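[1] fold the following for me, if possible:
(chains A, B and C)
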Amino acid sequence: MTHAEVFAVVRRIPRGRVATYGQVAALAGFPGHARQVGYALSALDIDASVPWHRVVNAQGRVSLRTGGSGGGMVQRMRLEQEGIAMPGGRVPLRDYAWRPDAEP
DNA sequence: CCACTGACGAGTG
DNA sequence: GCACTCGCCAGTG
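    Okay, the predicted model is just below:
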């Protein structure tokens, strides 16, 4: 359950899709460790070579300090750049959730 | 090396 | 829908 493991999974998230913390943890082989995934991402740099912005919480919301230093705005901006809208301030997971089994 | 410190999730009332 | 509880690990200073 190292940060590297988490990043490896996050890097697999296809563009235009989002994954939840719990999903990433499960795919990394550590179901139930969603929190640690969050801790791992917290160590990431905003310019890191990882699509960390595609990771949202189970409610489709951006978990990082929303409104604080504007960090959350960066994530939202990047998501919209990929065509992922956030009506109501949250991502409609029903439509954008990443489905590894649905990949080509 | 020790202690602190966090991007969560699921269940219950 | 909201408030509260418990379970979890690795990195940083």
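
[2] hey, let's count contacts and neighbours off CA atoms from now on
    OK.

[3] how much space between residue A:27 and residue A:8?
    Residue A:27 is 10 Å from residue A:8, where distance means CA to CA, to the nearest Å.

[4] geometric centre of chain A: which residue is closest?
    Closest to where the C-alpha atoms of chain A average out (CA atoms, centre = their mean) is residue A:55, at 0.4 Å.

[5] for the nearest residue to that one once chain neighbours are set aside, what are its contacts?
    Spatially, and ignoring its direct neighbours in sequence, residue A:55 is nearest to residue A:19 (5.0 Å; CA to CA, 6 or more residues apart in numbering). Residue A:19 makes contact with A:13, A:54-56, A:97-98 under the criterion CA atoms under 8 Å, 6 or more residues apart in numbering.

[6] could you check the pLDDT of residue A:19?
    In this model, residue A:19 is scored at 97, pLDDT.
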